[in-house]
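Next comes the sequence, and after it the predicted model I'd like to discuss.
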Amino acid sequence: MATDVHSPSWVNTNHPAPPQRPPASEVGALGWLRANLFSDMGNSILTVVTLIVLYYIVTSLVQWAIGAYWAPIWANRKIFAVGLYPTAQLWQPALVLLMVSALFGVSAGQWGSMIRGLGIGLGVLLLVLALIPIGLEAQWVMAGSLALLVVGYFIGARLPISNKLLSIAWILSLPATLILLLGGLHLPAWGVSWDFAPLVDTNLWGGLMLTMLLAVVGIALSFPIGVLLALGRRGNLPVIKYFCVGYIELIRGVPLITLLFMGMTMLPLFLPSNWGNPSQLVRAVTAITLFSAAYLAENVRGGLQAIPKGQYEAAEALGLGSFDKLRFIILPQALTKVIPAIVGQFIGLFKDTSLVSLVGLLELVAVGKAVIQQPEWLGVPGGVAKEVYVFIAFVFFIFSYGMSFVSRKLENKLGFGKR
């Protein structure tokens, strides 16, 4: 039997020792901590200092939250939710919530992971609201919305529903929401008037409902306008190109609050006289849409510039027309490349809706200011401003994080940033 000249004569080199388990300090939770938090002296010191700082911050926040005075928020929960919307007609926003929950459920079952994550978040929120004693009628609405969300998911997962049909349903849900909240359809310029409930003036809309409405309408309307502006700026027609360049640079050169004030005072001057006097809500939505479209156009233009020239040549070699080339080849790739920028802008737009409180609309921040000034809370030691603004910040964070979460899901699904 041959032996290794470097090994003792009694070692059998034909039968190596069996593999041993790795040390306990190298695997599992202990191994992760050692590799990521305590890999060397500097990393260990930084970890310990960070834990100490976090301990004091978290314990201070918890102690403050336990002793804080949350009664103003609970007493004004209806105003925080829907503003001054008439109590007798709260069934109208409730019907909107039921409709949106059903659409979310069907979309989650049909479209999969991206919408499913958002649907799960909505379901958790509805479950919490259904369990909190905010009022029996409101709890029943939340429970019904949760049931429609779950039923819609199973319907979307099991039945072959056309994506085109589902997209049309989402597009129609926006005007349907406005009609339901108004109590009917009223278009005096075209002689159309159809009422199914007493009219609710848009000046009575407020709270989270108005904030969400401003953000959703602003995003839905500014997206196609921004894409058209980006395409026009990169086009070869001088009139359209210079108009898009002038519009984008002009809008980006002024703050949103300026556009809001201009919309409140000057929008009727640009409308036909038979259209009547638009409400404050319409003026604010117009200003937000025009503002967001200019920034979105630049984000989309960045994506268009990142497309290699070979993609255009390949589309032309396949015989695709200009519209089909943009629809099937160019825009899908361009929008994929700028998903983080677009979602970041949408999050900023959602938070910028708080500026409409300066032009007389009672959105979430304006409701908070009104609650702080209510006479019954003026004698509370230290005031109630901290509690109110922390609650508002938490609401904004929840919805902003939800958009960010969906963005990451979409990027992972599309393989964005992976090689």
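Okay, I see it. Predicted model, so just to flag it, every value in this text is computed and none were measured.

what ranges do the strands span in the chain?
184-187, 192-195, 206, 362-363 (DSSP state E).

Take those and lay them out in a markdown table including distance to Leu98.
C-beta here means a position set from N, CA and C on the backbone, and glycine is covered the same way. Shown next, in a markdown table, are these (distance: least, CB to CB, whole Å):
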| stretch | distance to Leu98 |
| --- | --- |
| strand 184-187 | 19 |
| strand 192-195 | 21 |
| strand 206 | 21 |
| strand 362-363 | 23 |
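
Redo these as TSV? Include mean pLDDT, mean neighbour count and distance to Leu304.
Below are the strands of the chain laid out as TSV (pLDDT from 0 to 100; neighbours: other CB atoms under 10 Å; distance: least, CB to CB, whole Å):
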stretch	mean pLDDT	mean neighbour count	distance to Leu304
strand 184-187	75	13	37
strand 192-195	75	10	40
strand 206	92	24	39
strand 362-363	92	24	34
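
So for Ala138, which of those strands sits nearest?
strand 206 (16.7 Å; CB to CB).

which residues sit against the closest one?
Strand 206 is contacted from outside by Ile79, Val82, Gly83, Leu84, Tyr85, Leu361, Leu362, Glu363, Ala366, Val367, using CB atoms under 8 Å, 6 or more residues apart in numbering.

re earlier: of the strands of the chain, give the one that comes closest to Phe243.
Nearest of the strands of the chain (CB to CB): strand 184-187, 29.1 Å.

CA-only coordinates of that closest one in CSV, if you can.
Only the C-alpha atoms of strand 184-187 are listed here, as CSV (Å, rounded to 0.1, in the frame of the first residue of the first chain):
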residue,chain,number,x,y,z
GLY,A,184,-74.7,62.2,-9.3
LEU,A,185,-73.5,63.4,-12.6
HIS,A,186,-73.6,67.1,-13.4
LEU,A,187,-72.3,68.6,-16.6
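
Which elements pack onto it?
strand 192-195 (3 or more CB pairs under 8 Å, 6 or more residues apart in numbering; DSSP states H and E).

re the thing from before, compare the strands of the chain and give me the one nearest Leu118.
Using CB to CB, the strands of the chain put strand 362-363 closest to Leu118, at 22.4 Å.

ok, now how distant is Leu361 from Ile179?
As judged by CB to CB, to the nearest Å, Leu361 and Ile179 stand 20 Å apart.

So for the two, which sits in the more crowded spot?
Leu361 (25 against 16; other CB atoms under 10 Å).

Could you tell me which residues make contact with the more buried one?
Asn203, Gly206, Leu210, Gln280, Leu281, Ala284.

Of the residues you listed, which is the most crowded?
Ala284 (28 neighbours).

which ones are touching the residue lying closest to that one once chain neighbours are set aside?
Leaving out its chain neighbours, the residue that sits closest to Ala284 by CB to CB, 6 or more residues apart in numbering is Val356, at 4.8 Å. Counting by CB under 8 Å, 6+ apart, Val356 makes contact with Leu214, Leu260, Ala284, Ile288, Glu363, Ala366.

And the furthest pair within those residues?
Farthest apart among the contacts of Val356 - using CB to CB - are Ile288 and Ala366, which lie 15.4 Å from each other.
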